[in-house]
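[1] Compute the structure for the input listed below.
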Amino acid sequence: MEKNRTMVTEFILLGFCLGPRIHIILFGLFSLFYAFTLLGNGLILGLIWLDSRLHTPMYFFLSHLAIVDIAYACNTVPRMLVNLLKPDQPISFAGCMTQTFLFLTFALTECLLLVVMSYDRYVAICHPLRYSVIMNWTGCIILMVTSWACGSLLALVHVVLILRLPFCGPHEINHFFCEILSVLKLACADTWLNQVVIFVACVFILVGPLCLVLVSYTRILFAILRIQSGEGRRKAFSTCSSHLCVVGLFFGSAIVMYMAPKSRHPEEQQKILSLFYSLFNPMLNPMIYSLRNADVRSALKRAMCKESHSQLE
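    Numbering: from 1, shown residues only. This next block holds a predicted model:
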């Protein structure tokens, strides 16, 4: 009997339970968003890599945010597009667990990365004379490696706790990817330990970092108000407001999804909120930074002028 309880080898992702015509429309729309996500974040990475003026800690962290956004999209969107055309296409148990692990890794890493970016802006605005000393390259690399390592290890803990559970059916996941809460609903055992670990992780990886970000930006706000130069205040506000837009989109959707009381249709709510993680946020982030950041716009203009000049030659 115990052997039969653990013989589930694949799952069916139900995705969006809509008609075939709506699926075709969503396929075209999400494909367009996916292309914009890859192009936008790829452009950010390319500009940071090619323009030496962007070789600073701030843009070093921004490049890793772009990498996380590309990874988010590549982890979930292709499978979602396949399911829109072939709803009965199964995903293997190993593939499902891999997708869950990667999604959690990128989500947790982005939480920590946004805290690091807020600290970078705090030091730059509140302690400008000590910025190069505090945010040296060794420290930046350590912060980045720590963010990725902590995200990966915490994601591994969640997946190991899932693997200890038996899955005996049903094997249909009411989601467009192997989201952890939706997977746990299919377990044939008590998932209280998983739920407790998820709640604790939310407190330390969502609420804790969000509080640190808010403290950083509260102090940044007071520092900006003390700046005498109007141009200096404008530039500081522009840089920090773009970061706050990203923070609001990411933490807002995450807290509503994992910590807010469930609605009458939690599965549909989770699908919509998950779209913010996997598609909308990764697509909007480069647009927010490129449209609101003068340095990125200048780097793009220089790259375009250089390209046109080389073509004329």
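[2] Please work out which residues outside stretch 173-180 touch it.
    Contacts to stretch 173-180, defined as C-beta atoms under 8 Å, 6 or more residues apart in numbering, come from residues 11-16, 75-76, 79-80, 83, 91, 96-97, 99-100, 103-104, 158, 162, 182-183, 185-186, 198, 267, 270-271, 274, 278. The way it works is simple: take the backbone N, C-alpha and C, and place the C-beta from them, glycine included.
[3] Now, of those, which are buried?
    11-16, 75-76, 79-80, 83, 91, 96-97, 99-100, 103-104, 158, 162, 182-183, 186, 198, 267, 270-271, 274, 278 (16 or more other C-beta atoms under 10 Å).
[4] Give me the buried positions along the longest helix anywhere in the chain.
    Looking across the chain with DSSP state H, the single longest helix is helix 93-126. Across helix 93-126, burial judged by 16+ other C-beta under 10 Å covers 93, 96-97, 99-126.
[5] where do the helices sit along the stretch 201-313 of the chain?
    Here the stretch 201-313 of the chain has its helices, by DSSP state H, counting those that start in this stretch, at 208-225, 230-258, 266-275, 281-292, 294-312.
[6] out of the ones you listed, which comes closest to residue 41?
    helix 281-292 (5.2 Å; C-beta to C-beta).
[7] Pull the distance from the closest one to the chain's centre.
    Relative to the chain's own centre, helix 281-292 is displaced by 13 Å; criterion: C-alpha atoms, centre = their mean, to the nearest Å.
[8] now what about that helix, what contacts it?
    33, 36-37, 40-41, 43-44, 62, 65-66, 69-70, 72-73, 238, 241-242, 245-246, 249-250, 253, 296-297, 300.
[9] what's the angle between it and helix 93-126?
    If you take axes from the mean of the first three to the mean of the last three C-alpha atoms, to 10 degrees, helix 281-292 sits at 20 degrees to helix 93-126.
[10] next SSE after the least confident helix or strand in the chain by mean pLDDT?
    Here the helix or strand of the chain ranked lowest by mean pLDDT, DSSP states H and E is helix 2-5, holding a mean of 46. Moving toward the C-terminus from helix 2-5, the next helix or strand (DSSP states H and E) is strand 10-13.
[11] Check which helices and strands that following strand is in contact with.
    helix 57-85, strand 90-92, helix 93-126, strand 172-173 (3 or more C-beta pairs under 8 Å, 6 or more residues apart in numbering; DSSP states H and E).
[12] Quick check: neighbours of it in the sheet, parallel or antiparallel?
    strand 90-92 (antiparallel), strand 172-173 (parallel) (DSSP bridges).
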